[in-house]
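1. Just the structure for this:
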Amino acid sequence: VVKMYIVNPPGILSLMWKVAKCIMDQKSQSRIEFLFKPEDLLLHLDAHAVPAAFGGTWTDTSGWAEEPEYCCNSAKTIVSIDYPKPHQVWFDNGFKCAPPMIHGTIKSKQTFVVSRTVTKPGTRLVWEFDVNGDVDFDITRTECAGSAQQGKEEPVWPRLTLNCLKMNEQGHLVCKEPGEYRLRFTNSNSTWFVVKLEYAVGLID
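-> Just a heads-up that it's a prediction; the model follows:
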């Protein structure tokens, strides 16, 4: 989180914040700011980044937003019928069958890395995995050997903490540039228990 703006907070939240500030470091405090009018967002953000309903110029005409000027949808309860089917990501991305799942374990404070080398822009990187505990998951790209920027690493998928409680994680990424793509699974816990990982990763043009 770079900066979080909380607009028109309820009184109880403002009270909780006064308590939380006593145990929070200065850097974390600076990332959270309370605003009491939606229009105050324009004091901190460009107009094109603020929804029109709150005084900015941003509208969502993609069809996803129920009201374009609000740029969002109403809250919806997710039920089992909304879950993707196991292995569905492979068929959605052109695979004739799902690759076999591979087993692994991740010890406390360690990172498990799965690498795939992409040679052509536009290649799809597809993954599916299941874990029995919290893991931090992200993807980075590293320049291949022989490149002028060999070894330079950049993030291409944000780092998220995940736990597969109801279903496994599935996803894909269109690789815009060649390089070595590294899917990283990090066990940030400090317990003695290992995290069990079952995964499959594939490439398709």
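2. And the strands in this structure, which stretches?
-> 4-7, 32-35, 102-106, 111-118, 123-131, 135-142, 153-162, 169-175, 179-186, 195-204 (DSSP state E).
3. For residue 48, which of the ones you listed is the nearest?
-> Residue 48 lies closest, by Cβ to Cβ, to one member of the strands of the chain: strand 4-7, at 15.9 Å. To be clear about C-beta, it is placed using only N, CA and C from the backbone, and glycine gets the same treatment.
4. residues in contact with the closest one?
-> Strand 4-7 is contacted from outside by 13, 31-38, 40-41, 44-45, 54, using Cβ atoms under 8 Å, 6 or more residues apart in numbering.
5. Who does that strand pair with, and is each partner parallel or antiparallel?
-> strand 32-35 (parallel) (DSSP bridges).
6. Can I get the partner strand as PDB, trimmed to CA atoms?
-> What follows is strand 32-35 as a C-alpha-only set of coordinates in PDB (Å, rounded to 0.1, in the frame of the first residue of the first chain):
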ATOM      1  CA  ILE A  32      -3.200   6.300   5.900                       C
ATOM      2  CA  GLU A  33      -5.200   9.600   5.700                       C
ATOM      3  CA  PHE A  34      -8.800  10.400   6.700                       C
ATOM      4  CA  LEU A  35     -10.900  12.700   4.600                       C
END
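7. what comes into contact with it?
-> 3-9, 14, 17, 41, 44.
8. which one of these sits closest to residue 91?
-> Nearest to residue 91 out of these is residue 4 (Cβ to Cβ; 38.1 Å).
9. how about the longest helix that the chain contains as CSV, C-alpha atoms only?
-> In the chain, with assignment by DSSP state H, the single longest helix is helix 11-20. The C-alpha coordinates for helix 11-20 follow below in CSV (Å, rounded to 0.1, in the frame of the first residue of the first chain):
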residue,chain,number,x,y,z
GLY,A,11,-16.8,7.8,14.5
ILE,A,12,-15.7,4.4,15.9
LEU,A,13,-13.1,4.1,13.2
SER,A,14,-11.6,7.5,14.0
LEU,A,15,-11.4,6.4,17.6
MET,A,16,-9.7,3.1,16.8
TRP,A,17,-7.2,5.0,14.6
LYS,A,18,-6.2,7.2,17.6
VAL,A,19,-5.4,4.1,19.5
ALA,A,20,-3.7,2.3,16.6
